[in-house]
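# Show me the folded form of this:
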Amino acid sequence: MSVAGLKKQFYKASQLVSEKVGGAEGTKLDDDFKEMEKKVDVTSKAVVEVLARTIEYLQPNPASRAKLTMLNTVSKIRGQVKSPGYPQSEGLLGECMIRHGKELGSESNFGDALLDAGESMKCLAEVKDSLDIEVKQNFIDPLQNLCDKDLKEIQHHLKKLEGRRLDFDYKKKRQGKIPDEELRQALEKFEESKEVAETSMHNLLETDIEQVSQLSALVDAQLDYHRQAVQILDELANKLKRRMREASARPRREYKPKAREPFDLGEPEQSNGGLPCAPTPSLTASSSFRSSDKPIRTPSRSMPPLDQPSCKALYDFEPENDGELGFHEGDVITLTNQIDENWSNTKALMSVPRPLAAGAILRGPQGLPWPELAAISPSTASPAVSLDQGRQLPRPAGPGPGPSPLLPDLRLA
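Next comes the predicted model:
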């Protein structure tokens with residue numbers, strides 16, 4: 001910077017300090033100028049804030065806006081012409097609906113409705129993209145250009161005017177010490193800057209009809225968007241109502257539960273937490289047993305209906321002799337008739353998923369006990385129950401105090 005420039009900056013700083021600190025008065029500008037300056041300042045603030053709010057209106061998610069700005073910057077650096085667009089919320093909703101509608105399938109009324117709604121939401125997103133483009137071209141860009149050029153130029157003229165005013169006031173205060181020609185030049189520059197700033201502000205305020213037309217373009221774009229949105233939503237509403245009528249007209253399908261697959265819980269020490277299943281045929285009195293035959297369990301979820309007297313085994317037994325019947329703990333044997341005090345014929349052998357409590361008395365026909373077959377206790381010396389054709393249910397020897405896995409304990413049903 002030249003010496004003259006440094007001196008001028010010193011004059012300005014000195015005059016500013018004297019006005020702010022010392023209370024010195026500077027050259028007053030006329031009221032019309034101040035009024036225009038005030039209107040321009042308000043216009044500048046309005047344009048800046050309206051631009052920011054309009055962008056928030058079109059792209060409400062700040063995180064998505066920041067990401068989009070970054071991607072656009074990267075695209076410009078890479079020289080890519082096409083940049084990614086803003087992810088519209090309608091488009092995201094539509095993609096979600098379409099994805100789940102396809103998962104539900106065409107057999108689902110809700111799935112078909114989701115597909116229809118999803119396609120409509122994607123159409124709304126496309127219309128919203130068109131709104132963004134139109135508003136940017138006809139509203140945002142012109143206002144941004146106003147900020148970057150006209151308003152910025154006015155601020156430059158006002159700043160230059162303030163500098164020349166300080167220079168003129170400093171030299172006027174030292175009139176007599178400063179050459180008159182220098183004072184006259186300072187006054188001319190001040191008047192010139194004042195005229196330029198006043199002209200630029202006047203032009204801006206007198207051509208504000210341009211801002212009105214830009215605002216009208218924004219409203220027209222919104223109106224067009226909402227017209228198309230109403231049309232899309234009307235079509236969607238009609239589709240959904242038609243689907244509702246069609247679904248109501250179709251006969252309702254009754255629920256028919258499938259037959260339950262039988263399974264056996266098995267013994268706790270053998271099941272290892274699983275659910276083993278072993279389908280077996282039921283045995284009748286005409287079935288023949290070998291000494292090595294073991295009773296086969298028929299899995300079931302609950303106690304079979306006891307329409308005849310029966311008894312339950314509380315221990316496992318492996319047959320050792322001809323005529324003996326092997327059984328497992330929890331097996332229920334249907335009794336057909338009593339031979340004597342210690343013998344009974346059996347009709348069939350069945351199993352239950354879980355044993356009854358030790359000592360439980362099962363019931364016979366109509367839920368009544370069979371008094372002739374009193375509970376067979378471990379003290380009985382002879383085999384407990386026999387099959388038709390001479391098969392026997394044995395009792396291992398050995399006394400014991402009550403039910404035990406080592407003692408025979410068959411409870412009557």
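# average pLDDT across stretch 251-258?
For stretch 251-258, mean pLDDT rounds to 82.
# how long is that stretch from one end to the other?
21 Å (C-alpha to C-alpha, to the nearest Å).
# Could you tell me what pLDDT the model assigned to G85?
pLDDT, read off for G85, is 79.
# Need phi/psi at it.
phi -90, psi 170 (degrees, to the nearest 10).
# got the contact list for it?
Contacts for G85 (C-beta atoms under 8 Å, 6 or more residues apart in numbering) come out as L68, D129, D132. For glycine as for every other residue, the C-beta is placed from the backbone atoms N, C-alpha and C.
# any idea how far it is from L51?
19 Å (C-beta to C-beta, to the nearest Å).
# Now for V74: which residues touch it?
With C-beta under 8 Å, 6+ apart, V74 has no contacts at all.
# Secondary structure class of it, three-state.
Taking DSSP: H, G, I helix; E, B strand; the rest coil as the rule, one finds V74 in the helix state.
# And for E25?
coil.
# what's the burial count for it?
8 (other C-beta atoms under 10 Å).
# host element of the closest residue to it other than its chain neighbours?
Closest residue to E25 apart from its sequence neighbours, by C-beta to C-beta, 6 or more residues apart in numbering: E19 at 7.3 Å. Per DSSP states H and E: E19 is located in helix 3-20.
# and whichever helix or strand comes after that helix, what does it pack onto?
Toward the C-terminus, helix 3-20 is succeeded by helix 31-58 as the next helix or strand (DSSP H and E). Judged by 3 or more C-beta pairs under 8 Å, 6 or more residues apart in numbering; DSSP states H and E, the packing partners of helix 31-58 are helix 109-135, helix 141-145, helix 152-173, helix 180-206.
# remind me which residues of the chain are low pLDDT?
1-5, 7-8, 10-11, 22, 80-83, 263-309, 322-325, 334-413 (pLDDT under 70).
# What about the residue nearest to E25, how many residues nearby?
By other C-beta under 10 Å, neighbour count at E19 equals 14.
# P257 falls within a helix, correct?
No. Using three-state DSSP, the secondary structure at P257 is coil, not a helix.
# and which of the contacts of G85 is nearest K241?
D129 (28.3 Å; C-beta to C-beta).
# The closest one: neighbour count?
Neighbours of D129 (other C-beta under 10 Å): 16.
# do the same with T54
For T54, using other C-beta under 10 Å, the count is 16.
# How much space separates Q137 from I178?
Q137 is 55 Å from I178, by C-beta to C-beta.
# Settle it for me: which of those two has more neighbours?
I178 (15 against 12).
# Across the sheet, point out what pairs with the more buried one.
In this structure, I178 bridges to Q175 when assessed by DSSP bridges.
# ok, A24 - contacts?
Here A24 is in contact with Q15, S18, K173 (C-beta under 8 Å, 6+ apart).
# again, only this time at 10 Å
Shown in contact with A24 (C-beta atoms under 10 Å, 6 or more residues apart in numbering): Q15, L16, V17, S18, D169, Y170, K173.
# can I assume V332 is in contact with C311?
Yes. Proximity of V332 to C311 meets the contact threshold set by C-beta atoms under 10 Å, at 7.2 Å.
# Pick out whichever of those two has more residues nearby.
When neighbours are counted by other C-beta under 10 Å, V332 and C311 differ, and C311 comes out ahead with 26 against 23.
# how close does the residue nearest to A125 when sequence neighbours are not counted sit to R65?
Nearest residue to A125 in three dimensions, chain neighbours excluded: G91, at 3.2 Å (C-beta to C-beta, 6+ apart). G91 sits at a distance of 16 Å from R65 (criterion: C-beta to C-beta).
# How about T43?
Counting by C-beta to C-beta, the gap from T43 to R65 is 26 Å.
# Between those two, tell me which one has more neighbours.
Set T43 next to R65 and count neighbours by other C-beta under 10 Å: T43 wins out with 19 against 15.
# So Y86 belongs to a strand, correct?
No. Per three-state DSSP, Y86 lies outside any strand segment and is coil.
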